[in-house]
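[1] this one's sequence-less:
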């Protein structure tokens, strides 16, 4: 035990219909990753990761956590030949790490992200040919994922934090994943990014519902826990429940103050 978890007080008639997880990269930044993963596991929550080379895999594996999602590549791009080959090679290598840790989903973006989330390369103009190339690349990812027995997700990104990222909008991600429509590729619907890029969160949840692999949440502005910004996450939780969504919801957010209190707020927002 690394310390007793802080209880969340709630009416015993309330339920948690969703599979809740928290991105360990963004909380308790003074603690090693294995400590953070153990803390979340003690609370009965899944654990999200970013880049595996940043951590001691032996220690992370030894925690025995439910690792729900991890970056599925270290380099590469969807929409050009050289980038696609790099992406496939990187994603296959990452799939091996994901299987070692028991990661549920491996996450992709339209291109690599550099310092501060700036896309590499930065695109200003998109052509129909890029969409066709992206579909081809994602089908190759699905072929590889089927061989490896893993699942990838494609995440939407907002245009303010990630300017010039190809296929970053919620609409673009939905169009690609629904056109491919293979079980090895799902949507990582990040509602923080959708709020900045498009808004209308409940309707986007409904539109993406058949292809959602994971929902990610943070409040806006600030990218902190639910209740710190403008998004009515309690209302979104009720709408998701009414839609019949029972899948993973991951908090990918910083703590406005105390990390345990941020986790409490997240759990409370998605307890009905």
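    Thanks, I have it. Predicted model only: the values in this text are computed from it and were never measured.
[2] Test my guess that residue 249 contacts residue 269.
    No - between residue 249 and residue 269 there is no contact under Cβ atoms under 8 Å: 9.3 Å. For glycine as for every other residue, the C-beta is placed from the backbone atoms N, C-alpha and C.
[3] so what's in contact with these two at the same time?
    Here residue 249 and residue 269 share the contacting residues residue 217, scored by Cβ atoms under 8 Å, 6 or more residues apart in numbering.
[4] between those two, who's got more neighbours?
    It is residue 249, of residue 249 and residue 269, that has more neighbours when counted by other Cβ atoms under 10 Å, with 28 against 23.
[5] Where does that one sit: helix, strand or coil?
    What DSSP: H, G, I helix; E, B strand; the rest coil gives for residue 249 is strand.
[6] Return the set of residues that bridge with it.
    When bridges are called by DSSP bridges, residue 249 pairs up with residue 20, residue 215.
[7] Tell me who's in contact with it.
    Residue 249 neighbours (Cβ under 8 Å, 6+ apart): 18, 19, 20, 21, 214, 215, 216, 217, 240, 270.
[8] I'd like those written out as TSV, with pLDDT added.
    Output for those, formatted as TSV (pLDDT from 0 to 100):
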residue	pLDDT
18	97
19	97
20	98
21	98
214	98
215	98
216	98
217	98
240	98
270	98
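[9] right, and the pair among those with maximum separation?
    Across the contacts of residue 249, the longest distance by Cβ to Cβ is 15.0 Å; it joins 21 and 240.
[10] Next up, the contacts around residue 146.
    By Cβ under 8 Å, 6+ apart, residue 146 lies in contact with residue 184.
[11] So for the helix or strand where it lies, mean pLDDT?
    In the assignment (DSSP states H and E), residue 146 maps to helix 128-148. Per-residue pLDDT over helix 128-148 has a mean of 95.
[12] Among the contacts of residue 249, pick out the one closest to residue 153, please.
    residue 214 (6.1 Å).
[13] Can you give me the neighbour number for that closest one?
    When neighbours are defined as other Cβ under 10 Å, residue 214 has 26 of them.
[14] From residue 149, how far off is it?
    Here residue 214 is placed at a distance of 18 Å from residue 149 (Cβ to Cβ, to the nearest Å).
[15] Repeat that for residue 75.
    The gap separating residue 75 from residue 149 is 23 Å, by Cβ to Cβ.
[16] In terms of neighbours, single out the busier of these two.
    Comparing residue 75 with residue 149 by other Cβ under 10 Å, the one with more neighbours is residue 75, at 13 against 9.
[17] what number of residues lie near the closest residue to residue 174 other than its chain neighbours?
    Leaving aside its chain neighbours, residue 174 sits nearest to residue 208 (5.4 Å; criterion: Cβ to Cβ, 6 or more residues apart in numbering). By other Cβ under 10 Å, 23 other residues sit near residue 208.
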